[in-house]
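In: Provided below for reference: sequence and predicted model.
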Amino acid sequence: MQYPFLSRIKTFTKPVIRAFNRRYADHSRLIPVGESMGWAIDRDIAELTQVWNAMGLRCLPAHYFSLCERQSVFLGSQFSILDPQFMESSHRLAIAYFHGLPEQGHEELDGNFRDFVTHRERFTRIQVSHAHMRKVLLDHGFDEEQVHRIPIGINPAYFRRRSKASSETSRVAYGVPQDAFVVGSFQKDGVGWEEGNEPKLIKGPDLFLKVMEELRPRIPKLFVLLSGPARGYVRNGLLELGIPHQHHFLKQPEEISRLYECLDAYLVASRDEGGPKAILESMISEVPLVSSRVGQAVDLIEDGRNAFLVDVEDVDAMRDRLLQIHENGPEIEAMAVAGYQNALQHAYGAQKELWRNFMKGFVES
């Protein structure tokens, strides 16, 4: 994986900056590093950096990674373990390792996990987002002190509770019919960063399409709203099924709230996840949610109380829960309200104590 920011520093300034940075005591600065792709990991790193600064930690920009020695580096991508520039550096390392439970038949993730286990002593701290991943790491020789479960959080400032008026306004803005039953899917589920015509099956785009195919004859005004990069496989599939849809790529994080305001339901059809972020985003937007048993959904969802939780690859259950939402009985409104309250408990700002425990012994005061 390439990190473009490392090549943007002008070569002639590096010796000067390095000399200046020698004044930092060992491991006294925290350097958060994302992917530089402008998608979920980078947004999460930006949110966490604000939390860490508010805690009094002294954070440096990502490009300082190559301009300092013996500091504390938090890697937002679990695939960073494949990059020698990180592994062979003098820095103390922490990493977010969210998804890719071993032996699930996904060779890229299985290989990543094997490398992670091999290099487990290189990481002082590891953030996992759900209990299952924590147990798996402990079973593979990681230490209790290393592995901390901290869910992928949410920033409530980007969201507002959905209302009839806000839904109508947002549907006009995004070209969504007012009388449609709108199912949302805001993720990256194609291979690569281009059109994404090859499916990333771990994200379940094939399952999503099967569910939509099942719903089509039962909900005549079905409409799908997509966001995220590399959605070509799903878009082509919806065209073949004759299901109307729109695709919008977010220009600003604040836009996400308006997309959720367009929805009647959100579906997570993934086979494996660390999050996904859509769990808490749907909840805080009071959008009824159906999710497979993946990632932190298992920890955060109480089936039927704050969202619906179904078995992985259970297309029939996904279909039936969405039909239940379409019928819009009183239990659906109660479920949405409970989801909203649950989401507030997992705001980034509410996680400070978890992060204080994480940073002890990793960043020196």
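Out: That came through, no problem. Computed from a predicted model, the values in this text were never measured in an experiment.

In: Going by C-alpha atoms from here, please, whenever you check contacts or count neighbours.
Out: OK.

In: Could you work out the end-to-end span of stretch 281-293 for me?
Out: In terms of CA to CA, to the nearest Å, the two terminal residues of stretch 281-293 are separated by 17 Å.

In: neighbours of residue 324, just the number please.
Out: Residues within reach of residue 324, counting by other CA atoms under 10 Å, total 13.

In: What helices and strands are in contact with the one helix or strand it maps to?
Out: Residue 324 is part of helix 315-327 when elements are defined by DSSP states H and E. Under the contact criterion of 3 or more CA pairs under 8 Å, 6 or more residues apart in numbering; DSSP states H and E, helix 315-327 touches helix 205-215, strand 265-268, strand 289-292, strand 308-310.

In: between that helix and helix 205-215, how big is the angle?
Out: Calculated by axes from the mean of the first three to the mean of the last three CA atoms, to 10 degrees, helix 315-327 forms an angle of 50 degrees with helix 205-215.

In: Show me how far the following helix or strand past helix 315-327 is from its chain's centre.
Out: Following helix 315-327 in sequence order, the next helix or strand is helix 330-344 (DSSP H and E). Relative to the chain's own centre, helix 330-344 is displaced by 21 Å; criterion: CA atoms, centre = their mean, to the nearest Å.

In: neighbouring contacts of the next helix or strand after helix 330-344?
Out: Sequence-wise, the next helix or strand downstream of helix 330-344 (DSSP H and E) is helix 352-359. Helix 352-359 is contacted from outside by 51-52, 55, 125, 148, 150, using CA atoms under 8 Å, 6 or more residues apart in numbering.

In: Just the buried residues of the residues you listed.
Out: 51-52, 125, 148, 150 (16 or more other CA atoms under 10 Å).

In: on that earlier part again, kindly compare burial across the helices and strands packed on helix 315-327 and name the winner.
Out: strand 289-292 (a mean of 27; mean count of other CA atoms under 10 Å).

In: Quick check: residue 154 touching residue 281?
Out: Yes: counting by CA atoms under 8 Å, residue 154 touches residue 281, with 7.1 Å between them.

In: Mind listing the shared neighbours of these two?
Out: Residues within reach of residue 154 and of residue 281 at once, by CA under 8 Å, 6+ apart, are residue 343.

In: Mind listing what's buried along the host helix or strand of residue 110?
Out: Using DSSP H and E, residue 110 maps to helix 107-118. Buried residues in helix 107-118, counted by 16+ other CA under 10 Å: 109-110, 112-113, 116.

In: cool, and stretch 225-238?
Out: In stretch 225-238, counting by 16+ other CA under 10 Å, buried: 225-235, 237-238.

In: among those residues, which are in strands?
Out: Cross-referencing the buried residues of stretch 225-238 against strands under DSSP state E gives 225-227.

In: would you list every one of the strands in the stretch 1-150 of the chain?
Out: 30-33, 72-75, 92-96, 123-128, 147-149 (DSSP state E, counting those that start in this stretch).

In: circling back to that earlier point, please list the residues outside the helix holding residue 110 that contact it.
Out: 78-79, 81-82, 100-104, 140-142.

In: Drop anything exposed from those residues.
Out: Using 16+ other CA under 10 Å, the buried ones in the contacts of helix 107-118 are 78-79, 81, 100-102, 142.

In: farthest pair in these?
Out: 79 and 142 (17.8 Å; CA to CA).

In: re the thing from before, buried ones in the helix holding residue 324?
Out: Buried, per 16+ other CA under 10 Å, within helix 315-327: 315, 317-319, 321-322, 325-326.

In: a markdown table for those, including distance to residue 172 and pLDDT?
Out: Formatted as a markdown table, the buried residues of helix 315-327 follow (distance: CA to CA, whole Å; pLDDT from 0 to 100):
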| residue | distance to residue 172 | pLDDT |
| --- | --- | --- |
| 315 | 31 | 98 |
| 317 | 31 | 98 |
| 318 | 28 | 98 |
| 319 | 27 | 98 |
| 321 | 27 | 98 |
| 322 | 24 | 98 |
| 325 | 22 | 98 |
| 326 | 21 | 98 |
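
In: which regions of this structure sit below the pLDDT cut-off?
Out: Across the chain, the ranges flagged by pLDDT under 70 are 1-22, 37-39.
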